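>>> coords please:
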Amino acid sequence: MCWSVPGEITEVKGNVAKVEISGVKREVAMDLIDNPKIGEYVLIHAGYALQRVDEGSAKFTIDFFKNKGQDAQIS
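Numbering: from 1, shown residues only. As a prediction, the model looks like this:
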C-alpha cells in the first residue's frame, strides 16, 4: 500500500516547490501540477505532488494522522 500526504505550498521556484508537511518543509517536484500557487494544498508521494486538494480535506487528513484516527473533525 502507498500513502500520500497533504502539504501546503510555501514557495515556488519553477517546477519545484517548498511544501510544509506537519511543520517540516521539503522540496517537492511539481511536474504533475499546473501553475502551483503559494497557499494551495497538494497530495505528495515519493517527492512529487500528485494533485491539488482542498484545504478542508488536507486539514482533516493531517488531524487524522496526528490523532491516530481519533477525534478527526471534518470542516
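
>>> Could I get the CA-only coordinates of stretch 14-24 as CSV?
Coordinates of the C-alpha atoms in stretch 14-24 are reproduced here as CSV (Å, rounded to 0.1, in the frame of the first residue of the first chain):
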residue,chain,number,x,y,z
GLY,A,14,10.0,26.7,-11.4
ASN,A,15,8.9,23.1,-11.2
VAL,A,16,10.0,22.7,-7.6
ALA,A,17,8.1,24.0,-4.5
LYS,A,18,8.7,24.0,-0.8
VAL,A,19,5.9,22.3,0.9
GLU,A,20,5.1,22.3,4.6
ILE,A,21,4.1,18.9,5.9
SER,A,22,3.2,18.9,9.6
GLY,A,23,5.7,21.7,10.3
VAL,A,24,8.5,20.2,8.1
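
>>> Distance from the chain centre to that stretch, please.
Stretch 14-24 has its C-alpha centroid displaced from the chain centroid by 8 Å (Cα atoms, centre = their mean, to the nearest Å).

>>> which of the residues in that stretch are buried?
16-19 (16 or more other Cβ atoms under 10 Å). For glycine as for every other residue, the C-beta is placed from the backbone atoms N, C-alpha and C.

>>> Just give me the longest strand of this structure.
Once the chain is assigned using DSSP state E, the strand that runs over the most residues is strand 5-13.

>>> Give the pairing partners of that strand; include direction for each.
strand 16-21 (antiparallel), strand 41-45 (antiparallel) (DSSP bridges).

>>> Next, the buried residues of that strand.
The neighbour-count check on strand 5-13 (16+ other Cβ under 10 Å) flags 6-9, 12 as buried.

>>> same question, stretch 38-47
Those would be 40-44, for stretch 38-47 by 16+ other Cβ under 10 Å.

>>> Same check on stretch 25-38?
Under the neighbour-count criterion of 16+ other Cβ under 10 Å, stretch 25-38 has 28, 30, 33, 36 buried.

>>> quick one: which of the buried residues of strand 5-13 is nearest Thr61?
Within these, the smallest distance to Thr61 is 5.2 Å, found for Pro6 (Cβ to Cβ).
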